[in-house]
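S.K.: The following block contains a protein sequence and its predicted model.
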Amino acid sequence: KAGVTQTPRYLIKTRGQQVTLSCSPISGHRSVSWYQQTPGQGLQFLFEYFSETQRNKGNFPGRFSGRQFSNSRSEMNVSTLELGDSALYLCASSAISGTSLGADTQYFGPGTRLTVL
Amino acid sequence: GEDVEQSLFLSVREGDSSVINCTYTDSSSTYLYWYKQEPGAGLQLLTYIFSNMDMKQDQRLTVLLNKKDKHLSLRIADTQTGDSAIYFCAERGRSGGYNKLIFGAGTRLAVHP
């Protein structure tokens, strides 16, 4: 099976712009979660989507949003970029919803490195 | 609250065993995970353990869980230079949704000849 893919891998934007990142989960996986990784804050949960619905949300401002399509592909959007948004954005997929308990695990993509100038 | 702590750095000699430690605070944690991250890459799942287990072995990897002390460790036997990476401990609890992983800051493992 192909793994989680994320596009683009690298992105450079300027303050005030907006950006859209894309994630394609492992075939058959219906849950997609997004994480932000920075040297200062480490890995932080952004949100999770399952069946096109946002199930959980982390503690991030409303400038961070996402959506999921019927084929389980997900996008996240950051509007009005700030310097502090520079980070590695990681997407993870799993077969089950975050409201279910099971032995399933999350598999991560290679990430999109966003640099805000 | 939810918090996961790890020591930041570990240096070992090639061929020795490495032990990476982690403590967590959420007593309702269901699964605990170890991920590996190499430079410029995403997170690679190494192994996981369910909270009702004490130990899990997978080839060179041994995970020990002390639920009373909320302590998790990852032992890598016969450590190789290819094991040099950052290792993240993560918990998956009940609060905030099962697919919300709480990560530690990561332990950078350096393997030298």
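M.R.: Sure thing, it's come through. Numbering: from 1, shown residues only, chains lettered A, B, ... in the order given.

S.K.: Please work out how many residues are found near the residue nearest to residue B:60 when sequence neighbours are not counted.
M.R.: Distance criterion Cβ to Cβ, 6 or more residues apart in numbering or on different chains; nearest residue to residue B:60, sequence neighbours excluded, is residue B:77 at 4.5 Å. Yep, even glycine has a C-beta here, placed from its N, CA and C like the rest. For residue B:77, the number of neighbouring residues by other Cβ atoms under 10 Å in any protein chain shown comes to 13.

S.K.: Isn't residue B:77 up against residue B:62?
M.R.: Yes - with contact defined as Cβ atoms under 8 Å, residue B:77 counts as touching residue B:62 (7.3 Å).

S.K.: list the residues that contact both of the two?
M.R.: Shared contacts of residue B:77 and residue B:62, defined by Cβ atoms under 8 Å, 6 or more residues apart in numbering or on different chains, are not found at any residue.

S.K.: so residue B:103 sits right up against residue B:89, yeah?
M.R.: Yes - the criterion here is Cβ under 8 Å, and residue B:103 meets it with residue B:89 at 7.3 Å.

S.K.: hey, what's in contact with both of the two?
M.R.: residue B:4.

S.K.: Of those two, which one has the most company?
M.R.: More neighbours surround residue B:89 than the other of residue B:103 and residue B:89, with 26 against 21 (other Cβ under 10 Å).

S.K.: which residues does that one bridge with?
M.R.: Taking DSSP bridges as the rule, residue B:89 bridges to residue B:34.

S.K.: any idea how far residue A:92 is from it?
M.R.: Using Cβ to Cβ, to the nearest Å, one obtains 16 Å as the distance from residue B:89 to residue A:92.

S.K.: again with residue B:79
M.R.: According to Cβ to Cβ, residue B:79 stands 27 Å off from residue A:92.

S.K.: between the two, which one's more packed in?
M.R.: Taking neighbours as other Cβ under 10 Å, residue B:79 and residue A:92 compare with residue A:92 leading, 27 against 20.

S.K.: Spell out, range by range, the strands that occur in chain B.
M.R.: Remark: strands assigned in chain B by DSSP state E are B:4-6, B:9-13, B:18-24, B:31-37, B:43-50, B:55-58, B:61-66, B:71-76, B:85-92, B:101-103, B:107-112.

S.K.: List the buried residues of the worst-scoring helix or strand of chain A on mean pLDDT.
M.R.: Lowest by mean pLDDT, DSSP states H and E among the helices and strands of chain A is strand A:53-57, with a mean of 89. Across strand A:53-57, burial judged by 16 or more other Cβ atoms under 10 Å in any protein chain shown covers A:55, A:56, A:57.

S.K.: Please dump the strands of chain B into CSV; it should also carry mean pLDDT for every row.
M.R.: Converted to CSV, the strands of chain B look like this (pLDDT from 0 to 100):
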stretch, mean pLDDT
strand B:4-6, 94
strand B:9-13, 97
strand B:18-24, 96
strand B:31-37, 93
strand B:43-50, 91
strand B:55-58, 94
strand B:61-66, 96
strand B:71-76, 96
strand B:85-92, 93
strand B:101-103, 90
strand B:107-112, 97
